[in-house]
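Chemist: dropping a prediction and its sequence here:
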There are 4 protein chains.
Amino acid sequence: MNHAQDDPRSAVLGGFDTAMGVRMIKLTRDEVVLEYDIDKRHRQAYGIVHGGMHCAMVESACSTGAGMDAMLRGQSVVGVENHTSFIRAARDGTLRVVATPITRGRRSQVWEATVRNQSGQIVATGRVRLLCLEPGSELAGKIVERP
Amino acid sequence: MNHAQDDPRSAVLGGFDTAMGVRMIKLTRDEVVLEYDIDKRHRQAYGIVHGGMHCAMVESACSTGAGMDAMLRGQSVVGVENHTSFIRAARDGTLRVVATPITRGRRSQVWEATVRNQSGQIVATGRVRLLCLEPGSELAGKIVERP
Amino acid sequence: MNHAQDDPRSAVLGGFDTAMGVRMIKLTRDEVVLEYDIDKRHRQAYGIVHGGMHCAMVESACSTGAGMDAMLRGQSVVGVENHTSFIRAARDGTLRVVATPITRGRRSQVWEATVRNQSGQIVATGRVRLLCLEPGSELAGKIVERP
Amino acid sequence: MNHAQDDPRSAVLGGFDTAMGVRMIKLTRDEVVLEYDIDKRHRQAYGIVHGGMHCAMVESACSTGAGMDAMLRGQSVVGVENHTSFIRAARDGTLRVVATPITRGRRSQVWEATVRNQSGQIVATGRVRLLCLEPGSELAGKIVERP
């Protein structure tokens, strides 16, 4: 379950993504691509991928891209709003999410991510608003710095 | 990791919730309460709970409640929109989510869920829109029926 | 204030759009374009265009396109969720909104619309989920039929 | 159309609210109440209140409350995300929106607002995320200061 961590591109993914078998396919400040193979960890009781899993992939992809961009400017980011629309149910196969920026300001960023199945059909699509934090900001009682 | 399944209230939770150690505390058509203890499965790279995990708890709680209500009317539901706001970062301890209905129509439902930490502070809060499906509707290539 | 009604393309716009001086530029089932010139009707107290005006243009453009598509299949639509992100403040000039479909199912549609200023910069962008109604459905105590 | 401006509580409402006949009923840092009587300015082509009008009332109420709270701390606010759910169609009568805070931090605020008809039924409900700006911040090319 943890072998994704052997891949250096996955160093920026955390415990959630590792527990869910998410692989980092591409990571730049302009585009992030993630992928995973659907299994029972990802499904809800009806047998289709859990809507929260789609939200989580949107969140992972958008916040990784925004974080990359912010880091290059000496900032870090924290997601504040996630809005995800579920378009088509998925039961099996590999899902791929691609995130791109809508706006990257000094105060906040908005990224958009779309999840597609192997046929290229949209499964889910969402947007994340992130706040940009200057070094030394506090978050949940700790000073913000990249681990 | 799977012992939550021994609890009959958890029968309605699926593989995602089980993989994440989510416990069903209360399940009625008017209120759903879920809970989990934060560990590394739930965190992103900064060490706080992954935003997608909050979205997922909002989704699980809202769709379980809406599904319960729909079932009592001979329908089932499918979530179509999840909008979650992140209010306060969480690193440790137990998080509890409570979902209640905003509207329960014949065509669609809207539920709201709020995640709180052990001090009762709001950690995240979101809303889910669900479509109501009549028996025999198709979803992802299968006829909808409760497992 | 009402001369927009003389243009046949504007027949599908209602009182709100007319009161706000919104012009229909293009209307097909695949794309809708609206436009208006900013004046004091559109601004909030800080002197920039009111966020709700951006939401409204997203709503008008998306629901007009979805309604056009639905009509050609003998259905009508009703918007149920509007999520709009504000990207860049606008004070003056002409704003143009372009809406395109993300999904057009038998049960619901999702459209996306982006508002740009005359320099082509994104001012706001949002998504609308709409339910599709069969003829004879009831809405707010009246049978649904296109006026 | 402009007599609402004679009421001192309406001084904080801008051109949009005035053009739409919106009345300020209550304004504190903990609760904002607005009201308007439905007429043709508020309706879309089907004869019901335009979804964007509901978003706008959510936006006006939330941003007025957040702005009041911020002002007392020497800040100002700018709305960045508006998510509104439409619950029940409205054709006539008076609509009232009540906004209350979900969180009021130093960096951002989230407010929630619900629109009800004269029978007290929910017509729409939404949430707005706002960024807090320190004095001297720039917004749309101008230094932020309250008019």
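Modeler: It's in.

Chemist: and chain A, which residues reach chain D?
Modeler: Within reach of chain D by Cβ under 8 Å from any Cβ of the partner chain, chain A has these residues: A:80, A:81, A:83, A:107, A:108, A:129, A:131. In short, each C-beta sits where N, CA and C put it, glycine included.

Chemist: which one is the residue nearest the centre of chain A nearest to, not counting chain neighbours?
Modeler: By Cα atoms, centre = their mean, chain A has its centre lying nearest to residue A:60, at 1.5 Å. Nearest in space to residue A:60, with sequence neighbours left out and distances taken as Cβ to Cβ, 6 or more residues apart in numbering or on different chains, is residue A:17 at 5.6 Å.

Chemist: so the one you found sits against residue A:59, correct?
Modeler: No. Using Cβ atoms under 8 Å, residue A:17 is not in contact with residue A:59, being 9.9 Å away.

Chemist: whatever helix or strand the residue nearest to residue A:60 lives in - what's its average pLDDT?
Modeler: Using DSSP states H and E, residue A:17 maps to helix A:15-19. When pLDDT is averaged along helix A:15-19, the result is 96.

Chemist: for that helix, packing partners?
Modeler: Secondary-structure packing of helix A:15-19 (3 or more Cβ pairs under 8 Å, 6 or more residues apart in numbering or on different chains; DSSP states H and E): helix A:51-71.

Chemist: can I get the helix it packs on in CSV, CA atoms only?
Modeler: Extracted C-alpha coordinates of helix A:51-71, given in CSV (Å, rounded to 0.1, in the frame of the first residue of the first chain):
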residue,chain,number,x,y,z
GLY,A,51,-18.1,11.2,-3.8
GLY,A,52,-15.7,12.2,-1.1
MET,A,53,-12.9,10.4,-2.9
HIS,A,54,-13.6,12.6,-6.0
CYS,A,55,-13.5,15.7,-3.8
ALA,A,56,-10.2,14.4,-2.2
MET,A,57,-8.6,13.9,-5.6
VAL,A,58,-9.7,17.4,-6.7
GLU,A,59,-8.2,18.7,-3.4
SER,A,60,-4.9,16.8,-3.6
ALA,A,61,-4.3,17.9,-7.2
CYS,A,62,-5.3,21.5,-6.8
SER,A,63,-3.5,22.1,-3.5
THR,A,64,-0.3,20.3,-4.7
GLY,A,65,-0.2,22.6,-7.7
ALA,A,66,-1.0,25.7,-5.8
GLY,A,67,1.6,24.7,-3.1
MET,A,68,4.2,24.3,-5.8
ASP,A,69,3.5,27.7,-7.3
ALA,A,70,3.4,29.3,-3.8
MET,A,71,6.7,27.7,-2.8
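
Chemist: list the buried residues of it.
Modeler: In terms of neighbour count (16 or more other Cβ atoms under 10 Å in any protein chain shown), helix A:51-71 has its buried residues at A:51-70.

Chemist: repeat for stretch A:116-131
Modeler: Buried residues in stretch A:116-131 (16+ other Cβ under 10 Å): A:116, A:117, A:122, A:123, A:124, A:125, A:126, A:127, A:128, A:129, A:130, A:131.

Chemist: which pair in those residues has the greatest spatial separation?
Modeler: Put simply, by Cβ to Cβ the two of the buried residues of stretch A:116-131 set farthest apart are A:117 and A:131, 32.1 Å from each other.

Chemist: after the helix or strand hosting residue A:77 comes which helix or strand?
Modeler: For residue A:77, the host element (DSSP H and E) is strand A:76-86. Using DSSP H and E, the next helix or strand after strand A:76-86 towards the C-terminus is strand A:94-104.
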